[in-house]
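> got a sequence here, can you model it:
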Amino acid sequence: MTASAPRCDKTEAWAALAGHFEAHGRDLDLREAFARDPGRFDSFKVEAPEVFADLSKNLIDVATQRFLLDLAAECQLEARRDAMLRGDVANLTEGRAVLHTALRAPRGRSPFNAEVHEVLDRMLAYVETVRDTAKSGIRHVVNIGIGGSDLGPQMVVPALDAFCHRGLTFHFVSNVDGHDIAPVLRGLKPAETLFIIASKTFTTQETMANAQVAKAWFLEQGGTDTHKHFVATTTNVKAAAEFGIGTTFGFWDWVGGRYSMWSAIGLPIALAIGADHFRALLAGAHAMDRHFADAPLAQNLPVLLGLLDVWYRNFHGFASRSVAPYHQGLRRLPAYLQQLEMESNGKCVDLSGTRLPYGTSPVVWGEPGTNGQHAYFQMLHQGTDVVPVEFILVKRPTHGFTDLHTKLLANGLAQSQALMLGKSTQQALGEKAPTASRELDAATVARHRTFPGNRPSTTLMLDELTPRSLGALIAMYEHRVFTAGVLWGINSFDQWGVELGKALCNDLLPRFASGDTDGLDASTAGLMERLRS
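Numbering: from 1, shown residues only. Predicted structure coming up:
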C-alpha cells in the first residue's frame with residue numbers, strides 16, 4: 001500500500017458516503033425514485049462495447065454516484081489501472097505484473113506482444129489441424145485442469161455452442177474424485193480422443209492425478225501415440241516431455257489462473273470455435289479493455305459496477321449477489337464468476353498486511369433463468385436478506401424457437417420488475433388466491449402473499465451471444481473486480497487461501513497408508529481412522 005493511494009475508509013469521500021447513506025441512502029425507495037424522476041432509466045443506463053447496462057433499479061441516486069466517483073478518484077483508481085495496464089507490478093505479494101489484457105491486445109499494442117502472438121499463432125495453427133477431423137481422426141477433446149484451467153473453457157464452450165465444431169465433442173475433467181473422470185472415459189476410444197493437460201507448472205495435484213489416470217487408460221485401451229493424443233498447456237516443457245507429450249503451448253507468470261482463458265489455457269475454446277472466432281473472442285475483450293482504460297469514470301461500466309459493489313457491501317451490508325443469466329448457454333457463468341471474484345477479492349488484509357475493518361468480496365452465486373425462478377427466487381422476493389441480482393439478457397437467440405425466447409425475456413424483465421415493485425398487503429387482499437387454505441382468514445393469507453419490494457437489480461443486455469460479445473462481457477467482470485479491489489486496498493491477484501489446504505493434504509496423504517495420526521487434531525484423527533476402517 002503506497003502512501004499516495006489511501007485505503008477507501010481513510011478518505012474524505014468515504015466519510016461523505018457514510019453521511020449520505022445515513023441521510024438518504026439507507027431509506028431510498030426505488031418506487032418513489034422512479035415516480036419522482038421519469039428520466040431515471042436514461043440517467044442510469046450505460047453503453048459499453050457489446051454490453052448495455054441498466055443500473056436504474058439499484059439503490060443509488062445521482063448524489064450516491066457522485067460520492068462513489070469521488071471515492072474512486074481519492075483512491076487513485078485511474079493511476080492504479082494505468083499502472084496495471086502498462087505492466088507495472090500489480091501483484092505485490094508475488095512481485096508480478098498482471099497482464100491478462102496483453103493476451104488479447106492486437107499486434108504492437110501491449111507489453112510482451114511478440115511473445116504473446118508467437119504462441120497464439122502457433123496454437124491456432126495447431127487448432128486447425130485438429131479441427132480437420134477427416135485427417136486428424138479426433139472426435140473427442142478432454143480438457144484436464146482445475147480452477148482457472150477448467151472454469152473458463154468449461155464456461156465458454158457451451159456458451160458459444162452455436163459456433164462450435166459439430167464433429168468434436170468436448171469433455172471437462174477437474175475434480176480429483178474419480179467419479180468425474182470415470183464416466184468421461186467410459187464413452188471414448190483412444191484413436192478418437194485428444195487429451196489436453198492444463199497445468200502451468202505441470203505439478204498441480206488434481207490435474208496430474210487425472211492426467212496419469214487418462215494416460216493409463218489410453219495405454220490399457222491400446223493407444224500407442226501419446227505425442228498425437230496428448231497436448232499440454234504449460235510452461236514446464238521438460239515435465240510434459242517426460243510424461244510423453246511433445247506438443248506444448250506456454251504462458252507467463254504474469255497470467256493468473258483465473259485470468260488465463262485468453263492464453264494457451266483457451267486451447268479447448270479455440271478447438272471448439274476455430275481460429276477466427278477465438279480471435280473475435282479476444283477482440284471483444286480488448287474492446288472492453290479500451291473502454292475501461294479510456295472512458296470517463298462516470299460512463300465506465302466496469303468502474304460503475306465495482307463502485308456499486310462497494311456501496312452494497314460496505315454501506316448496505318449486503319453479503320452476497322446472485323447472477324441470473326437468462327440464456328442456457330451461460331449456465332456455467334455463475335461458477336466462473338465465483339472464482340474470478342471470490343478468489344480475487346476474498347481477502348481480509350490490505351496491501352500492507354493490515355487487518356481490514358470492513359467486508360470485501362460478496363458471495364457470488366446463481367443459476368440460469370428460468371430455472372432459478374423455481375429454485376431460490378422465493379428467497380430473493382420474500383426472504384429476510386436483501387440480495388442484489390444481476391440479470392443477463394440476450395436480445396436475439398441462435399435458435400429458431402422465437403416464442404420460447406420471448407417467454408424467456410419476459411420472465412427476466414418480470415423478475416427484475418417484481419423485485420423492485422413488490423406487492424403490498426392491501427394489493428394482496430384485493431386478489432384471489434385459488435390455492436390458499438379456506439381455513440385461513442383473508443388478512444392472514446394476504447400477509448403471506450406480501451412482497452416487500454425495493455430489492456435492487458442490475459440488467460445487462462447483449463444483442464447476441466457471440467465470441468465478441470462474450471469476450472467483452474467477461475473482460476467487463478475482470479475490470480469490475482479490479483475496481484472494487486483497488487478501493488478496498490487489497491491485492492486482487494494472489495490466492496494464498498488456496499495454498500494451506502494443499503499443504504495439509506500433502507501431509508495427510510501418506511497417513512492414509514500408514515495410519516499415523518500423531519500430531520493431528522482429534523477431529524481429523526477420528527475422521528481418518530473411520531475412513532480407513
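> drop to CA atoms for contacts and neighbour counts, all remaining ones
OK.
> which parts of the stretch 1-150 of the chain are strands?
For the stretch 1-150 of the chain, the strands defined by DSSP state E, counting those that start in this stretch cover 45-48, 51-54, 89-91, 96-97, 140-144.
> what do you get for the chain?
For the chain, the strands defined by DSSP state E cover 45-48, 51-54, 89-91, 96-97, 140-144, 169-173, 193-198, 230-233, 247-249, 320-326, 363-365, 389-396, 457-464.
> between the ones you listed, which one is closest to Leu28.
strand 457-464 (14.1 Å; C-alpha to C-alpha).
> name the helices or strands packed onto the closest one?
Packing partners of strand 457-464 (3 or more C-alpha pairs under 8 Å, 6 or more residues apart in numbering; DSSP states H and E): strand 51-54, strand 389-396, helix 402-421.
> residues in contact with it: which ones?
The set of residues external to strand 457-464 that reach it, using C-alpha atoms under 8 Å, 6 or more residues apart in numbering, is 50-58, 388-398, 416, 419-420, 469.
> domains in this structure, as residue ranges please.
Here the domain assignment for the chain is 8-90+280-488, 103-276, 497-532, based on automatic domain parsing.
> output those in a markdown table, with mean pLDDT appended to each entry.
Converted to a markdown table, the domains of the chain look like this (pLDDT from 0 to 100):
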| stretch | mean pLDDT |
| --- | --- |
| domain 8-90+280-488 | 97 |
| domain 103-276 | 96 |
| domain 497-532 | 95 |
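> turn these into CSV, including distance to Ala97 and mean neighbour count.
Compiled in CSV, the domains of the chain are given as follows (distance: least, C-alpha to C-alpha, whole Å; neighbours: other C-alpha atoms under 10 Å):
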stretch, distance to Ala97, mean neighbour count
domain 8-90+280-488, 4, 18
domain 103-276, 5, 19
domain 497-532, 20, 12
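> take the ones you listed and write them to JSON lines, including distance to Arg96.
Converted to JSON lines, the domains of the chain look like this (distance: least, C-alpha to C-alpha, whole Å):
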{"stretch": "domain 8-90+280-488", "distance to Arg96": "5"}
{"stretch": "domain 103-276", "distance to Arg96": "6"}
{"stretch": "domain 497-532", "distance to Arg96": "18"}
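> so Gly244 versus Tyr126, what's the distance?
With distances taken as C-alpha to C-alpha, to the nearest Å, Gly244 is found 18 Å from Tyr126.
> would you reformat the strands of the stretch 1-150 of the chain as a markdown table and include distance to Arg449?
Listed next are the strands of the stretch 1-150 of the chain as a markdown table, based on distance: least, C-alpha to C-alpha, whole Å:
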| stretch | distance to Arg449 |
| --- | --- |
| strand 45-48 | 32 |
| strand 51-54 | 28 |
| strand 89-91 | 50 |
| strand 96-97 | 53 |
| strand 140-144 | 48 |
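> looking at these, which is nearest to Tyr358?
Closest among the strands of the stretch 1-150 of the chain, using C-alpha to C-alpha: strand 89-91, at 21.4 Å.
> now for that closest one, which elements pack on it?
helix 77-86, strand 96-97.
> neighbouring strands for that strand, and are they parallel or not?
Using DSSP bridges, the strands paired with strand 89-91 are strand 96-97 (antiparallel).
> what is the rounded mean pLDDT of the partner strand?
What strand 96-97 shows for mean pLDDT is 96.
> just give me the longest helix of this structure.
helix 267-294 (DSSP state H).
> and that one, what does it pack against?
So helix 267-294, by 3+ C-alpha pairs under 8 Å, 6+ apart, packs with helix 113-131, helix 148-159, helix 301-311, helix 467-488.
> got the contact list for Ala280?
Counting by C-alpha under 8 Å, 6+ apart, Ala280 makes contact with Pro467, Arg468, Gly471.
> from those residues, which single one is nearest His229?
Pro467 (27.1 Å).
> quick check, central residue of the chain?
Leu337 (1.8 Å; C-alpha atoms, centre = their mean).
> find the nearest non-adjacent residue to Asn454, please.
Spatial nearest neighbour of Asn454, excluding adjacent residues (C-alpha to C-alpha, 6 or more residues apart in numbering): Met420 at 4.4 Å.
> mind listing what that neighbour touches?
Leu30, Arg31, Lys57, Gly453, Asn454, Arg455, Pro456, Ser457.
> rerun at 10 Å
Going by C-alpha atoms under 10 Å, 6 or more residues apart in numbering, Met420 touches 29-31, 57-58, 381, 414, 451-457.
> returning to what we had before: quick one: closest of the helices and strands packed on helix 267-294 to Val323.
The closest of these to Val323 is helix 467-488. By C-alpha to C-alpha, the value is 11.8 Å.
> the closest one vs helix 77-86, what angle?
Interaxial angle of helix 467-488 relative to helix 77-86 (axes from the mean of the first three to the mean of the last three C-alpha atoms, to 10 degrees): 130 degrees.
> all set, thanks.
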